[in-house]
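Trainee: The sequence isn't on hand, but the structure is:
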Ligand SMILES: Cc1cc2nc3c(=O)[nH]c(=O)nc-3n(C[C@H](O)[C@H](O)[C@H](O)COP(=O)(O)OP(=O)(O)OC[C@H]3O[C@@H](n4cnc5c(N)ncnc54)[C@H](O)[C@@H]3O)c2cc1C
Ligand code: SF4
Ligand code: FES
């Protein structure tokens, strides 16, 4: 396999994208109709891409596993979406947004891609506004912003705590317009089971119709994956429970490299696990840390109700450790600090796996009304879930798996290592380095879909106009279909005792305990063994009742869990291989004397792109060196 | 707590369904309704029986996937929550709980508690959009909107497309759902330009798909987990009369 070529255009950082667009090959409008493109996923990235490609006149086929494209997991994003508009006159600019992302990502992302993401952010806000997304406004009628995620400017556009929903419904509406026009054909309740590669190019996918169980073949000139992140590898996470890595993993097995799989963001403020049957963890927006103070009791195992613990017996550990940033330290730092206290025996609640997020002082100072105005819907949601009124007593929170910076390796054009296969949104690895800043994922997903991909894909498709419609009776389709069917048969015929979810839950526990917020060599090696044992047990003891030729949710889950075992092994190996601490990846062996992350730029300033080498064989590591021409690599400090 | 569940089981669209009885022991009040069903399904799978099929995804009340009739109410007896956020602490030891799919002609049952809501997508495809291509948008702040209108548009736009309003309505009317989208766009300057075509086409599609008429009963508003208001329907009616 050749070297990784990132295809970053020449020229000064601020001109790269303009130059690229000026020189990219175009497809004649008359030829676009004849070109078919498959887009898998209907989140901000997928629905954005399908709409924009439809608007350009291509023939698009769009897939999702839900019953409607409007339910893609982007719908759950809460806090907001960034753009470098500088509406507040507070010194923001494309460069500053770029710099914040590069630094926030702990210098493990590509300058060229990140700059472009910042650059298209303004177009994203213009487009959403024109589509009728009801962003918050000021009294003069202009758009309002708030500050988010520990940056010094106010650049986050929002629609109460439901920004993701509003942006996604905007994407859904533009998608619907293209469906009406006949430019996009929608295939809901379909799960992609495999990628079809012909003569080294992505030419189609195999799907399962989730209602009838039918295995289907779909051909196209190019395939775009917009299938989201793999945070549910921890079982409990803030993601929708059916989120999965299967589409990306299948593409990986067919030749697409997987980059930085171990870079997973653990969000510090989620509702803790309440019972053993719990199926998901609900996020409490990061914005709460603007007014809430985080603390645990000073003495171990103190189980008194929070309000009975006097002031001098409380440890506001973030304010103690990070006097400058206090409760507003970045997500990775806040999460690790919570874990440290709980592991040391200071956690609260029955499980000891929670800390207090206390609004008492803020309410005393600003009044209940002010707090209600800012966070009313979050307090309501917390009460719906826990029954606790956090105006009277502190919220209990704990970190949870949230976002995967890792994903399919892509070049500047968002193409994977398989020609004709693209990955956009959270499914690729590109823009967030080792840690993502708040409100920058919606921005990147929508930017990729509406504004980047539609430009870059024409560079590839310009050479494809003479290629006839891809026929699905080719042997490569038949082989892929056969492999998919055989795997289903294999899963169905295990006929053991246990549910797919029970294995998923056990896998999640291993990942959380050894490959979560902090990692060490011995633990990672142990995790590898445990995952392997559990995987063997899964393939011996799984049970799926019913038939594969029918709606069968146990079968759907089993396929996803089976892929997670393989991804878990790669994720652990990646974490083992990266002998440094950076961003969300904290290796206990590499820390400063006071417990902060210790990066090793000399040896690890690279993207780890892993090549699949075949069943049971070790993956092959390819390193894409990260060159910083514009910014200087610095130590992140929040003290 | 111990519960008796009466759950609608139906193999597929064509099959005849019926209620099956299950006993659940040691249900924790901290579980959500769907987690309680997860526990039932785990037991069924371990006995090699087919689990109860239901739609769900986000499990935090925002995606609109979940939805079932629980003791005669869409999303259960507690106001303003979706099924996935319905806590078991609202039930008591010894309760019998009846669980059924949405019952409405335009939403045929697919299996057990899963129904086909694609009619909702069809209505949105008919006109639930503003016609603008990526790249053509003007600078965002060149479109000004009064804060009170923008806030009202937001309140309408939070509909999650769950279908509870249709299931609650004796006429299976989709007026609340359609009016939420119509209102969102009617209240924003960007949406005014195509207001007439939009309302005509969405209403026409709604009728064509077999949703019933609105007779102002208000069951939809009472059962809507997102508290979408009947005033949206009044606005839809006004927009509709203006459109001819
Ligand atoms: C609780 C929460 C809050 C968040 N808040 C914010 C925020 O405030 N700001 C921010 O910027 N970011 C936020 N994020 C992150 C952000 O929401 C996501 O990263 C982003 O929306 C991902 O969009 P996407 O288009 O890549 O994928 P998704 O929206 O996840 O969509 C994935 C799509 O792929 C489809 N799919 C997946 N697998 C298959 C398959 N095998 N076959 C067929 N289809 C498949 C699904 O059906 C779906 O349509 C939040 C995330 C979470 C979990
Ligand atoms: S109006 Fe309410 S009940 Fe009807 S689909 Fe929307 S959210 Fe559901
Ligand atoms: S599962 Fe998403 S709203 Fe209930």
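Mentor: That came in fine, so what should we check first? Everything numeric in this text was worked out from a predicted model, so none of it was measured. Numbers count the residues shown, from 1 in each chain, chains lettered A, B, ... in the order given. Ligands and ions are numbered 1, 2, ... in the order given.

Trainee: How about residue A:422: which residues does it bridge to?
Mentor: residue A:224, residue A:415 (DSSP bridges).

Trainee: pretty sure it contacts residue A:416?
Mentor: Yes - the criterion here is Cβ atoms under 8 Å, and residue A:422 meets it with residue A:416 at 6.7 Å. The way it works is simple: take the backbone N, C-alpha and C, and place the C-beta from them, glycine included.

Trainee: list residues touching both of those two?
Mentor: A:225, A:410 (Cβ atoms under 8 Å, 6 or more residues apart in numbering or on different chains).

Trainee: give me phi/psi at residue A:541?
Mentor: Torsion angles at residue A:541 (phi, psi; degrees, to the nearest 10) stand at phi -120, psi 10.

Trainee: Pull the contacting residues for the residue nearest to the spatial centre of chain B.
Mentor: Nearest residue to the geometric centre of chain B (Cα atoms, centre = their mean): residue B:162, 1.9 Å. Shown in contact with residue B:162 (Cβ under 8 Å, 6+ apart): B:64, B:65, B:66, B:67, B:75, B:82, B:225.

Trainee: The second one and ligand 1, how far apart?
Mentor: The reference is to residue B:65. 11 Å (Cβ to the nearest ligand atom, to the nearest Å).

Trainee: cool, the last one as well?
Mentor: Here the criterion is Cβ to the nearest ligand atom. By it, residue B:225 lies 18 Å from ligand 1.

Trainee: Residue ranges of each domain in chain B, please.
Mentor: Domain ranges of chain B: B:3-110, B:118-242, per automatic domain parsing.

Trainee: Now distance to residue A:584 and mean pLDDT too, for the ones you listed, in TSV please.
Mentor: Compiled in TSV, the domains of chain B are given as follows (distance: least, Cβ to Cβ, whole Å; pLDDT from 0 to 100):
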stretch	distance to residue A:584	mean pLDDT
domain B:3-110	23	97
domain B:118-242	31	98
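
Trainee: Tabulate these in JSON lines, adding columns for distance to residue A:166.
Mentor: Below are the domains of chain B laid out as JSON lines (distance: least, Cβ to Cβ, whole Å):
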{"stretch": "domain B:3-110", "distance to residue A:166": "11"}
{"stretch": "domain B:118-242", "distance to residue A:166": "6"}
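
Trainee: Which strands or helices does the longest helix that chain A contains pack on?
Mentor: Longest helix in chain A by number of residues (criterion: DSSP state H): helix A:553-577. Contact partners of helix A:553-577 among helices and strands, from 3 or more Cβ pairs under 8 Å, 6 or more residues apart in numbering or on different chains; DSSP states H and E: strand A:190-198, helix A:246-253, helix A:475-492, helix A:500-515, helix A:521-541, strand A:606-611.

Trainee: Run a quick neighbour tally on the closest residue in space to residue B:101 that isn't next to it in sequence.
Mentor: Here the nearest residue to residue B:101 in space, its sequence neighbours aside, is residue B:113; by Cβ to Cβ, 6 or more residues apart in numbering or on different chains that works out to 4.7 Å. Using other Cβ atoms under 10 Å in any protein chain shown, residue B:113 is surrounded by 25 other residues.

Trainee: who's in contact with the closest residue to ligand 1 within the stretch 101-250 of chain A?
Mentor: Residue nearest to ligand 1 within the stretch 101-250 of chain A: residue A:228 (2.6 Å; Cβ to the nearest ligand atom). Residues in contact with residue A:228 (Cβ under 8 Å, 6+ apart) are A:41, A:43, A:72, A:73, A:74, A:239, A:243, A:425, A:426, A:427.

Trainee: what do you get if the cut-off is 10 Å, keeping everything else the same?
Mentor: A:41, A:43-46, A:72-74, A:239-240, A:243-245, A:247-248, A:404, A:407, A:425-427, A:445 (Cβ atoms under 10 Å, 6 or more residues apart in numbering or on different chains).

Trainee: Give me the pLDDT for it.
Mentor: pLDDT recorded at residue A:228 is 98.

Trainee: what pLDDT, on average, does stretch A:378-393 get?
Mentor: 92.

Trainee: What residues sit buried inside that stretch?
Mentor: For stretch A:378-393, a neighbour-count test (16 or more other Cβ atoms under 10 Å in any protein chain shown) marks A:378, A:379, A:381, A:382, A:384, A:385, A:386, A:390 as buried.

Trainee: Export those to TSV and append columns for distance to residue A:596 and secondary structure.
Mentor: Compiled in TSV, these are given as follows (distance: Cβ to Cβ, whole Å; DSSP: H, G, I helix; E, B strand; the rest coil):
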residue	distance to residue A:596	secondary structure
A:378	30	helix
A:379	33	helix
A:381	33	helix
A:382	31	helix
A:384	37	helix
A:385	33	helix
A:386	33	helix
A:390	31	coil
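
Trainee: Also within reach of chain B: list those from the residues you listed.
Mentor: A:381, A:384, A:385, A:386 (Cβ under 10 Å from any Cβ of the partner chain).

Trainee: check contacts around the nearest residue to the first one once chain neighbours are set aside.
Mentor: Using Cβ to Cβ, 6+ apart and skipping the chain neighbours, the partner closest in space to residue A:381 is residue A:282 (7.0 Å). The neighbours of residue A:282, taking Cβ under 10 Å, 6+ apart as the test, are A:76, A:238, A:270-271, A:381-382, A:384-386, A:400, B:58-61, B:85.

Trainee: Mind doing that once more with 7 Å?
Mentor: Applying Cβ atoms under 7 Å, 6 or more residues apart in numbering or on different chains to residue A:282 gives the contacts A:238, A:270, A:271, A:381, A:385, B:60.

Trainee: any idea which of the residues you listed is closest to ligand 2?
Mentor: Out of the contacts of residue A:282, the member with the shortest distance to ligand 2 (by Cβ to the nearest ligand atom) is residue B:60, at 14.4 Å.

Trainee: sec struct for that closest one, please.
Mentor: Classification of residue B:60 using DSSP: H, G, I helix; E, B strand; the rest coil returns coil.

Trainee: burial of it, as a residue count?
Mentor: Based on other Cβ under 10 Å, the number of other residues close to residue B:60 is 23.

Trainee: That one: what's its closest spatial neighbour, skipping adjacent residues?
Mentor: That would be residue A:282: by Cβ to Cβ, 6+ apart, it lies 4.9 Å from residue B:60.

Trainee: Please tell me how far the one you found sits from ligand 2.
Mentor: 19 Å.

Trainee: How about residue A:211?
Mentor: Distance from residue A:211 to ligand 2, by Cβ to the nearest ligand atom: 21 Å.

Trainee: Quick check, that residue in contact with residue A:189.
Mentor: Yes - if you go by Cβ atoms under 7 Å, residue A:211 and residue A:189 touch, sitting 5.6 Å apart.

Trainee: Between those two, which has more neighbouring residues?
Mentor: Taking neighbours as other Cβ under 10 Å, residue A:211 and residue A:189 compare with residue A:189 leading, 22 against 18.

Trainee: So for that one, what's the pLDDT?
Mentor: 98.

Trainee: and the nearest residue to it once chain neighbours are set aside, how many neighbours?
Mentor: Spatial nearest neighbour of residue A:189, chain neighbours left out: residue A:210 (4.3 Å); criterion: Cβ to Cβ, 6+ apart. By the criterion of other Cβ under 10 Å, residue A:210 has 20 neighbours.

Trainee: The one 5 residues further on now?
Mentor: By the measure other Cβ under 10 Å, the count of residues near residue A:215 is 19.
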